[in-house]
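Participant: need a 3D model of the sequence below.
(2 chains)
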Number of protein chains: 2
Amino acid sequence: MNDAARTLISKAMETAKPPVEFSAYAPSNIALSKYWGKRDAARNLPLNSSLSISLAEWGSHTTVRPSSDGRDHVSLNGETLSATSKFAIKALKFADLFRGGKDIPLVIDTRNTIPTAAGLASSASGFAALTRALCGAFGLDLSESEMSLIARIGSGSATRSFWHGFARWDKGEAEDGSDSFAQPLAYNWPEFRIAIVAVDVGPKSHSSRDGMNHTVATSPLFATWPDQAEADCKAIEQAVADQDFPVLGALAEANALAMHATMQAARPALSYLTSDSWAILERLWQARQDGLEAYATMDAGANVKLLFLQDSEVNVLSLFPEAQVIDPFGAL
Amino acid sequence: MNDAARTLISKAMETAKPPVEFSAYAPSNIALSKYWGKRDAARNLPLNSSLSISLAEWGSHTTVRPSSDGRDHVSLNGETLSATSKFAIKALKFADLFRGGKDIPLVIDTRNTIPTAAGLASSASGFAALTRALCGAFGLDLSESEMSLIARIGSGSATRSFWHGFARWDKGEAEDGSDSFAQPLAYNWPEFRIAIVAVDVGPKSHSSRDGMNHTVATSPLFATWPDQAEADCKAIEQAVADQDFPVLGALAEANALAMHATMQAARPALSYLTSDSWAILERLWQARQDGLEAYATMDAGANVKLLFLQDSEVNVLSLFPEAQVIDPFGAL
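Facilitator: Residues are numbered from 1 along each chain as shown, chains lettered A, B, ... in the order given. Predicted coordinates for the structure are as follows:
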């Protein structure tokens, strides 16, 4: 299989040095125009482009260093994981892309700064930080676009976690995935705010990967999603360029609801949103009718993320006192 | 405009007698495969066929008689309505199809037997009963298929309310609507049960007619609905023929969720279902995982309708004590 990401790593690793300790940080991100559906599972290539905003200091700090006892070690949030834990398996499988079959035992230490109560998945920031840390540890001189391409193999949304602010992952056209990576959008928007309204549902019943595969395979309404998502992505980028918040908010909310609609129509239905999520949306919609300029977006989980500008923050917090507010352009 | 329904009425009315008092009953119905989207608004022609089960004694009793004071009178559930009420306007506009501009003042008295708390729309049974009563009052000798064709002008779902049990409304192909009417399906299923779980939401914010027009016009996911609905309709008819309840239930629930998904993806989103509706669905899905053979269907409102067989009735009522059970083949 001709895979641009794997080829890029192999080539870069030809001149790699023995690993040294290297630490890196990557922010998590929330897609305003969603990634939902793969055109190629082996290369992790998407059916549509997506556009995100990074979550500033909410992300992953990852350190990679050579292991002194000849064995791999993976720890998460200070806790050493067993070799059979899901996280350890995924992280080491990703490190294997770099090691290419060679015996290079590593220690991988990841600490997420995302509040556990926020219930956000950390695979985006996790794989981006791990990519940065592995490239640094092996002394690879790769650009952020190249690292984005590589991180895609670990998690699609990780492509967008190499920058602060807005980023767009172009789906690309090439069969080998060489043009499927993210790039930062050079727009600053200091008033932009995100709030997470967490819905407690325990562990996810379906991974987002399984959910999207089930939807693509069985949802009769999925057929029109890729084109619509592509159009939304372009329109949202334009709204970012125009700093037109009501247009951006309405598009982002419609895009998220359409993605969840494709799942709801899957057979059997897939519903990451719970009645608590819908109750939050109802509260938001009522407040918007009453003048609040805030919009919602939801991913493969029950949490609702609110989008608004700084001058609505007091009203958003009065409506959702439990919300955690993120200032994506502040204090970086 | 060449309209088969209007032509049929005009022709039948050529030999009509002066009106006499005539009373008729029609049951309400619930679609197992939904009608959602028109291909022709003027003739009220659907984009897809639909299949329903009638609600036995839940329906409309309508009496039409000549008015003795030279003016039209409309009453609903014993209450005389003002000429400007929505119901009176719709009923008289429908009667005008028969009167064809002639001065024939009528009294129209409708009594719905549907419990108010069930929150079910009564336009299906209302227009079917009104069609029967008008045909009877004018002494028109029309078949039930012909009356179904005529009732379509008042309300699409009324086409299916001329019989007890299952009925299928074929979308038809003809431009004039001559082949777009319902017919009964000759299957008896004495164990079949329906339960209404009412969700209190006050008056509907959007009529189903407005909701479907908005969805067809703006929902990017609507494009694939008509073909899927047609396929579901055929598959559900087969499940009725086979008396295969799990297949019927799963198809009906998937069809309803797909219809609501098309609305959720409309721009702006349309959501007849509320967080209370979703909480009922969650309770049902959990119970189904635990072995309960019951399925849900939802129309343009927040209520959830449960489908199950007689031997699950005790368990359904223990899960939803507020549910009202209908025996569609019993005591008719």
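
Participant: any idea how far whichever residue of the stretch 51-200 of chain A sits closest to chain B is from B:I194?
Facilitator: Closest contact between the stretch 51-200 of chain A and chain B, by Cβ to the nearest Cβ, is at A:V199 (11.2 Å). Any C-beta I mention is one placed from the backbone N, CA and C, and that applies to glycine too. Between A:V199 and B:I194 the distance is 32 Å, computed by Cβ to Cβ, to the nearest Å.

Participant: go on, A:A95?
Facilitator: 57 Å.

Participant: for the stretch 1-150 of chain A, which segments count as helices?
Facilitator: A:4-13, A:86-99, A:123-137, A:144-154 (DSSP state H, counting those that start in this stretch).

Participant: tabulate those helices (TSV), appending mean pLDDT.
Facilitator: Converted to TSV, those look like this (pLDDT from 0 to 100):
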stretch	mean pLDDT
helix A:4-13	97
helix A:86-99	96
helix A:123-137	97
helix A:144-154	98
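
Participant: could those helices be laid out in a markdown table, adding distance to chain B and mean neighbour count?
Facilitator: Formatted as a markdown table, these follow (distance: least, Cβ to the nearest Cβ, whole Å; neighbours: other Cβ atoms under 10 Å in any protein chain shown):
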| stretch | distance to chain B | mean neighbour count |
| --- | --- | --- |
| helix A:4-13 | 31 | 18 |
| helix A:86-99 | 23 | 18 |
| helix A:123-137 | 25 | 28 |
| helix A:144-154 | 26 | 24 |
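
Participant: rebuild the ones you listed as JSON lines, extending it with distance to A:D227.
Facilitator: Below are these laid out as JSON lines (distance: least, Cβ to Cβ, whole Å):
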{"stretch": "helix A:4-13", "distance to A:D227": "25"}
{"stretch": "helix A:86-99", "distance to A:D227": "32"}
{"stretch": "helix A:123-137", "distance to A:D227": "25"}
{"stretch": "helix A:144-154", "distance to A:D227": "22"}
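
Participant: where does chain A have its least confident helix or strand?
Facilitator: Of the helices and strands making up chain A, the lowest-confidence element is helix A:208-218, at a mean of 93, by mean pLDDT, DSSP states H and E.

Participant: how far off centre is the helix or strand following it?
Facilitator: Proceeding C-terminally, helix A:208-218 gives way to helix A:225-242 as the next helix or strand, assigned by DSSP states H and E. Offset of helix A:225-242 from its chain centre (Cα atoms, centre = their mean, to the nearest Å): 18 Å.

Participant: picking up where we left off before, buried residues in the least confident helix or strand of chain A, which are they?
Facilitator: By neighbour count on 16 or more other Cβ atoms under 10 Å in any protein chain shown, the buried set for helix A:208-218 is A:208, A:211-212, A:214-216, A:218.

Participant: and the contacts of that helix?
Facilitator: Contacts of helix A:208-218 with the rest of the structure, by Cβ atoms under 8 Å, 6 or more residues apart in numbering or on different chains, involve A:36-38, A:41, A:47, A:121, A:206, A:222, A:262-263, A:266-268, A:270, A:272, A:299-300.

Participant: for chain A, which segments count as strands?
Facilitator: In chain A, strands defined by DSSP state E lie at A:22-33, A:38-40, A:45-46, A:50-66, A:73-76, A:79-80, A:106-112, A:166-169, A:182-184, A:192-197, A:295-297, A:304-309, A:324-326, listed in chain order.

Participant: now do the longest one, average pLDDT.
Facilitator: Strand A:50-66 shows an average pLDDT of 97 in the prediction.

Participant: list the buried residues for that strand?
Facilitator: The neighbour-count check on strand A:50-66 (16+ other Cβ under 10 Å) flags A:50-65 as buried.

Participant: how does chain A divide into domains?
Facilitator: Using automatic domain parsing, the domain parsing of chain A gives A:4-184, A:192-326.

Participant: now those as JSON lines including distance to B:P27?
Facilitator: Formatted as JSON lines, the domains of chain A follow (distance: least, Cβ to Cβ, whole Å):
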{"stretch": "domain A:4-184", "distance to B:P27": "42"}
{"stretch": "domain A:192-326", "distance to B:P27": "29"}
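
Participant: looking at the ones you listed, which is closest to B:F320?
Facilitator: Of all the domains of chain A, it is domain A:192-326 that lies closest to B:F320, at 14.8 Å by Cβ to Cβ.

Participant: distance between the ends of that closest one?
Facilitator: This stretch, domain A:192-326, spans 9 Å end to end (Cα to Cα, to the nearest Å).

Participant: separation between the closest residue to A:R283 other than its chain neighbours and A:F308?
Facilitator: Residue nearest to A:R283 in three dimensions, not counting chain neighbours: A:L319, with 6.4 Å by Cβ to Cβ, 6 or more residues apart in numbering or on different chains. According to Cβ to Cβ, A:L319 and A:F308 sit 10 Å apart.

Participant: mutual contacts of those two, please.
Facilitator: With Cβ under 8 Å, 6+ apart as the test, A:L319 and A:F308 both reach A:L292.

Participant: quick one, grab the pLDDT at A:D176.
Facilitator: Note for A:D176: predicted pLDDT of 97.

Participant: separation between it and B:Q289?
Facilitator: A:D176 is 43 Å from B:Q289, where distance means Cβ to Cβ.

Participant: equivalent analysis for A:S143, please.
Facilitator: 48 Å.

Participant: now swap in A:A174 and tell me
Facilitator: Separation of A:A174 from B:Q289 (Cβ to Cβ): 43 Å.
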